[in-house]
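>>> give me a 3D structure for the following:
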Amino acid sequence: MPTLTRLAALLLFAAFSYFIGLRYLLLFDDPPDSPIGGMFLSLVAGFVGWSFVGPRIGPSYLRGLTVVVQGYIATLLLALFLYAFYDAFKMGYAMRYKDLGDVFHGVTGAAIAHLDRMRDLEFLILLGSVAVVITLLVTTVFRVAEARRLAR
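Residues are numbered from 1 along each chain as shown. Predicted coordinates for the structure are as follows:
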């Protein structure tokens with residue numbers, strides 16, 4: 001059921017994840033020129049915000065923080081899975097992957113490279129700060145919407 005909290009989670013996750021995606025691109029030695037990665041991450045994060053984070057937010061800020069962190073982990077896993085799926089077809093079509101074993105090794109190697117790149121301390125501090133901001137905003141939206149609902 002659509003709620004104001006779900007909408008807030010979708011918008012906040014999508015907006016902040018676009019910013020995080022652009023910041024992540026700067027961690028590359030030779031950053032890509034295209035912001036497509038940020039847009040892709042934003043779409044995945046918006047979906048996770050709507051379907052996972054929004055329905056689980058409650059009045060507790062601490063519980064909200066754990067839900068937002070779980071949402072970011074789900075966003076990361078879903079984005080890596082979708083990227084791997086895309087990469088497997090792209091590289092398979094270009095005949096760079098000969099069989100399923102090559103696909104598994106290539107995709108796993110790419111995922112490990114992305115995770116290793118994310119270990120930058122400033123990037124992790126940014127992720128934690130964004131998680132706290134999203135938690136404060138989404139939980140406050142939930143509290144206000146719940147207070148309005150109960151006031152009727």
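
>>> centre of the chain versus the top helix by length along the chain, how much separation?
The helix that spans the most residues within the chain, counting by DSSP state H, is helix 61-93. Relative to its chain's centre, helix 61-93 lies at 6 Å (C-alpha atoms, centre = their mean, to the nearest Å).

>>> what mean pLDDT does it get?
The average of the pLDDT scores along helix 61-93 is 86.

>>> likewise for stretch 21-31?
In the prediction, stretch 21-31 has an average pLDDT of 83.

>>> buried sites along that stretch?
Neighbour-count burial for stretch 21-31 flags 21-25 (criterion: 16 or more other C-beta atoms under 10 Å). For every residue, glycine as well, the C-beta is placed using N, CA and C.

>>> do stretch 50-66 as well
The neighbour-count check on stretch 50-66 (16+ other C-beta under 10 Å) flags 50, 52-54, 57, 64-65 as buried.

>>> packing partners of the longest helix of the chain?
Helix 61-93 sits against helix 4-25, helix 36-48, helix 100-117, helix 121-151, with contacts defined as 3 or more C-beta pairs under 8 Å, 6 or more residues apart in numbering; DSSP states H and E.

>>> tell me what angle the last one forms with helix 61-93.
Translated: helix 121-151. Helix 121-151 and helix 61-93 are oriented at 120 degrees to each other (axes from the mean of the first three to the mean of the last three C-alpha atoms, to 10 degrees).

>>> what does the average pLDDT come to for helix 121-151?
In this model, helix 121-151 has a mean pLDDT of 93.

>>> what's near enough to touch Leu12?
49, 134, 137-138 (C-beta atoms under 8 Å, 6 or more residues apart in numbering).

>>> ok, and the most crowded of those?
Per-residue neighbour counts (other C-beta atoms under 10 Å) across the contacts of Leu12 peak at Gly49, which has 29 neighbours.

>>> and the residue nearest the centre of the protein?
Thr75 (3.4 Å; C-alpha atoms, centre = their mean).

>>> isn't Arg56 up against Val67?
Yes. Here Arg56 reaches Val67: they are 4.7 Å apart, a contact under C-beta atoms under 8 Å.
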